[in-house]
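>>> Provided below are the primary sequence and the corresponding predicted coordinates.
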Amino acid sequence: MRDKISTMKYLLAFVSVLLFISCGGDTENTMTVMGKVKGLKKGTLYLQHIPDSTLIAIDSMQVDDEGNFTFKTEVESPEIFYLYLDKKDNNTINDRITFFGEPGVVTINTAWNTFDTKATIEGSSSHQKLEEYKDMMSKFNTRGLEYVQVASTPEIQGDSIALDSLQQLSDKNVLSSYRYALNFALNNKDSYVAPYIALSEVADANVKYLDSIHNSLTPEVANSKYGIALKKYLDTIERTH
């Protein structure tokens, strides 16, 4: 009798697990992306990512007049995701939000006419770290554009010495931005953003710097999507040199 009761308890527990899975219950790896697109009257939202080398849609939904949306997906490790809005206006500008997704609730609020430029993203510590990096890089980019604008003026165009000076400043700015990217990755060894920056921003850097970034990563980050990709990239370089 006791064996029959034990068997029954086991079967009930097993059935409960199956029901939980079949009903789409959240796990510790579930990412919920939710928010609102203010002012959107008609359109389709897509949650996208790049599992290997091709951009694919994980899920999609028609957005109603309220502009509210919710997506759920399983995330093995934090990675880049995209929220794409097909506004049905034959205009592909300002239609994709890039964010660093991770398990938990990620909230994205924006407006239909400033979809990617004014979006606020909360709930992802990895995305906050990415924004910290991008904020600083935007300063380097702004400075570079200023040099280009000054160099294009008639006064400077006719002054070879001034042009050379501006070119030196521009080169120095590019080098500084490169060093910042490398140092940011090295100084954030516990962030999933570190190997992503190494791969997407400074992949052509001296291999010894990329190797230092990889060797500094915490075990969790080293075993993440971008940590593993960085190791494969380094292995490829080693085999071809």
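Done, it's in.
>>> May I ask which helix or strand encompasses the closest residue to residue 180 other than its chain neighbours?
Using C-beta to C-beta, 6 or more residues apart in numbering and skipping residues adjacent in sequence, the residue nearest residue 180 is residue 136, 6.2 Å away. Quick note: C-beta positions are derived from backbone N, CA and C, even for glycine. Taking DSSP states H and E as the definition, residue 136 sits inside helix 125-151.
>>> how far away is residue 41 from residue 35?
As judged by C-beta to C-beta, to the nearest Å, residue 41 and residue 35 stand 17 Å apart.
>>> Name the residue in those two with the higher neighbour count.
Higher neighbour count among residue 41 and residue 35: residue 35, with 23 against 12, using other C-beta atoms under 10 Å.
>>> Just to check, that one is in contact with residue 108?
Yes - because the distance of 4.0 Å satisfies C-beta atoms under 8 Å, residue 35 is recorded as touching residue 108.
>>> re earlier: which helices and strands does the helix holding residue 136 pack with?
Packing partners of helix 125-151 (3 or more C-beta pairs under 8 Å, 6 or more residues apart in numbering; DSSP states H and E): strand 96-101, helix 160-187, helix 193-200.
>>> Now render these as CSV, adding distance to residue 119.
As requested, these are exported to CSV (distance: least, C-beta to C-beta, whole Å):
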stretch, distance to residue 119
strand 96-101, 5
helix 160-187, 22
helix 193-200, 18
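>>> Just checking the distance from the helix holding residue 136 to the centre of its chain.
16 Å (C-alpha atoms, centre = their mean, to the nearest Å).
>>> Following the chain past it, name the next helix or strand.
Once helix 125-151 ends, the next helix or strand along the chain (criterion: DSSP H and E) is helix 154-157.
>>> which residues sit against that next one?
With contacts defined as C-beta atoms under 8 Å, 6 or more residues apart in numbering, helix 154-157 is touched by 150-151, 162-163, 166.
>>> Just the buried subset of these, written out for ChimeraX, thanks.
Provided next is the ChimeraX selection string for whichever of those are buried by 16 or more other C-beta atoms under 10 Å:
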select :151,166
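>>> now, the most widely separated pair of the contacts of helix 154-157?
150 and 163 (9.8 Å; C-beta to C-beta).
>>> Hmm, residue 183 and the residue nearest to residue 180 touching each other?
No - no contact is recorded between residue 136 and residue 183 when judged using C-beta under 8 Å, the distance being 10.5 Å.
>>> roughly how far apart are residue 135 and residue 129?
Taking C-beta to C-beta, one finds residue 135 at 11 Å from residue 129.
>>> Tell me the first helix or strand C-terminal of the lowest-mean-pLDDT helix or strand in the chain.
In the chain, the helix or strand scored least confidently by mean pLDDT, DSSP states H and E is helix 2-22, which has a mean of 43. Counting by DSSP H and E, the element after helix 2-22 in chain order, helix or strand, is strand 30-38.
>>> who does that next one touch, helix- and strand-wise?
For strand 30-38, the elements it packs on are strand 43-49, strand 68-74, strand 79-86, strand 104-111, judged by 3+ C-beta pairs under 8 Å, 6+ apart.
>>> Pull out the buried positions in the first one.
In other words, strand 43-49. Buried residues in strand 43-49 (16+ other C-beta under 10 Å): 43, 45-49.
>>> Ok, the second one next?
Neighbour-count burial for strand 68-74, with 16+ other C-beta under 10 Å as criterion, is recorded at 69, 71, 73.
>>> can you give me the angle that strand makes with strand 96-101?
Put simply, strand 68-74 runs at 50 degrees to strand 96-101, going by axes from the mean of the first three to the mean of the last three C-alpha atoms, to 10 degrees.
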